Structure formats: structure tokens, C-alpha cells
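Visitor: structure of the sequence below:
(chains A and B)
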Amino acid sequence: GAGVSQTPSNKVTEKGKYVELRCDPISGHTALYWYRQSLGQGPEFLIYFQGTGAADDSGLPNDRFFAVRPEGSVSTLKIQRTERGDSAMYLCASSSSAGAEQYFGPGTRLTVT
Amino acid sequence: AQRVTQPEKLLSVFKGAPVELKCNYSYSGSPELFWYVQYSRQRLQLLLRHISRESIKGFTADLNKGETSFHLKKPFAQEEDSAMYYCALWYSSASKIIFGSGTRLSIRP
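Guide: You can find the predicted model right below:
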């Protein structure tokens, strides 16, 4: 079956602009995770959804970052007033339940110029 | 604080030689640990988890609570093992994974 998909694969934006990154999880997976991976580092947790609600958003770096999952499937990560330091690979993962194996998407590489 | 440490950024070994990728963790509870792998141009995927005690692609990892380590081992490296390897800790009370910074394994022919 189809795995986790993320769009766009690459996004270049100017400092100060707003961006949205989309994640389509595996069908039926109730848990969805967003991670950010900077160069030379491992993925860093941002937010976890169980169904439609954000069960843990403790990893969001500041209030410019926000994520939604209105119907418990597709999720969108939104970044306002982007800064150059936001440049990174943004990864999405889904699992059948919390604690089950997480399946990762290919990522969206965000570059803020 | 919960933390995963991979001390080696890069590990280069010859084909057929043994491989050991080091991982140490810091966690106050009962840890659940994983190894993830990312091959060139592929997405991150689970290699193995300590509770399953499986050997995947010839790799094994033993949890040593006394040394707080979860090193990944393979007795005879193959060229297709070249990849980025991440050790990870499941932080159960927060339902999230904490990753190490990764080790790039390069197998020389």
C-alpha cells in the first residue's frame, strides 16, 4: 500500500513569508508525528497528533509554528514569518497507535532565503 | 533529561570486517530503544527494536542497562550496509521518539 507522503518535496521561500507543509499518513493510522531535521543532526520531535487533537506539541520551537489535523488524516504544518534558521528537512511519520512502529515520509526540504 | 548519544559521526570499515555502532542513552524509566536506518535517497526506516530481539539484515543490538548502551553490531559488514544509522529512544510518557545525531557507516570494498 501507499506509504506516508509529503508535499512539496522542496520549498524555497523568502524570510518573513508564510509556508504550509502537508503530510498524508498511511490510511488508518491514528498517530501522526512531525519532526525537524537540521543538517548533521537526527530528527527532532515537534508535535504528535492522536486523531484530530495535538496530544503533545512540546517540541514546537515557538508560536510561529502551528500544526493541524482537522479530520484525523492529513496534517499541515504551518510556519509564519519564516526565518533563515527554520531551514531544515521536515519529516512526517505515522503509526497505527502511539508506541507502534512509525513510518516516515520522504520529507520536505525547506529553505528560507 | 532524556538523551541519546552517538559518539561517532562517521565509521568506515572494510567489507567483511565487524561493525559496531555505539549508542548511549539517558532515561529515568524503563527504556525502549530502536535503531533506524536511512539508505541513500530513501526514507528513514526502522531497522530493529530491542523488545523484539530480532536480527535484521545480520544486525543485532543488546540493551545494557548497567552501561546505558544499545550498540548495534554486525559480524561481517557488506557494502549495502553503507547508510546513516540513528539510535532512538521511545519516551513513553510523552509518546515521542528521541533520536541521536546519527552515525554514517561507510563500507569500503
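
Visitor: could you report the neighbour count for the closest residue to chain A within chain B?
Guide: Per C-beta to the nearest C-beta, residue B:99 is where chain B lies closest to chain A, at 3.3 Å. C-beta coordinates here come from the backbone N, C-alpha and C atoms, glycine included. Using other C-beta atoms under 10 Å in any protein chain shown, residue B:99 has 21 other residues around it.

Visitor: wait, doesn't it sit right on residue B:36?
Guide: Yes. With contact defined as C-beta atoms under 8 Å, residue B:99 reaches residue B:36; the gap is 7.4 Å.

Visitor: any residues in contact with both of these two?
Guide: Applying C-beta atoms under 8 Å, 6 or more residues apart in numbering or on different chains, one finds that residue B:99 and residue B:36 are jointly contacted by B:86, B:87, B:88.

Visitor: what number of residues lie near residue A:94?
Guide: Applying other C-beta under 10 Å, we find 26 residues neighbouring residue A:94.

Visitor: likewise the one 4 residues further on?
Guide: Applying other C-beta under 10 Å, we find 18 other residues in the vicinity of residue A:98.

Visitor: could you find the closest non-adjacent residue to the residue sitting nearest the centre point of chain A?
Guide: For chain A, residue A:34 is the residue whose C-alpha lies nearest the centre (C-alpha atoms, centre = their mean; 3.5 Å). Nearest non-adjacent residue to residue A:34, counting by C-beta to C-beta, 6 or more residues apart in numbering or on different chains: residue A:46, 4.3 Å away.

Visitor: what strand or helix carries the one you found?
Guide: In this assignment (DSSP states H and E), residue A:46 forms part of strand A:44-50.

Visitor: and the next helix or strand after that strand, which residues are buried?
Guide: Next helix or strand after strand A:44-50 toward the C-terminus (DSSP H and E): strand A:53-56. By 16 or more other C-beta atoms under 10 Å in any protein chain shown, the buried positions in strand A:53-56 come out as A:54, A:56.

Visitor: chain center to strand A:53-56: distance?
Guide: 13 Å (C-alpha atoms, centre = their mean, to the nearest Å).

Visitor: check which strands are paired with it and give the direction for each one.
Guide: strand A:44-50 (antiparallel) (DSSP bridges).

Visitor: that older thread, check what pLDDT the residue of chain B closest to chain A gets.
Guide: Looking at residue B:99, its pLDDT reads 96.

Visitor: which non-adjacent residue is nearest it?
Guide: residue A:42 (3.3 Å).

Visitor: spell out which residues of chain B are next to chain A.
Guide: Applying C-beta under 8 Å from any C-beta of the partner chain, one finds that chain B approaches chain A through B:4, B:6, B:9, B:32, B:43-46, B:49, B:86, B:88, B:90, B:92, B:94-102.

Visitor: 7 Å instead, please
Guide: B:43-46, B:86, B:90, B:92, B:94-102 (C-beta under 7 Å from any C-beta of the partner chain).
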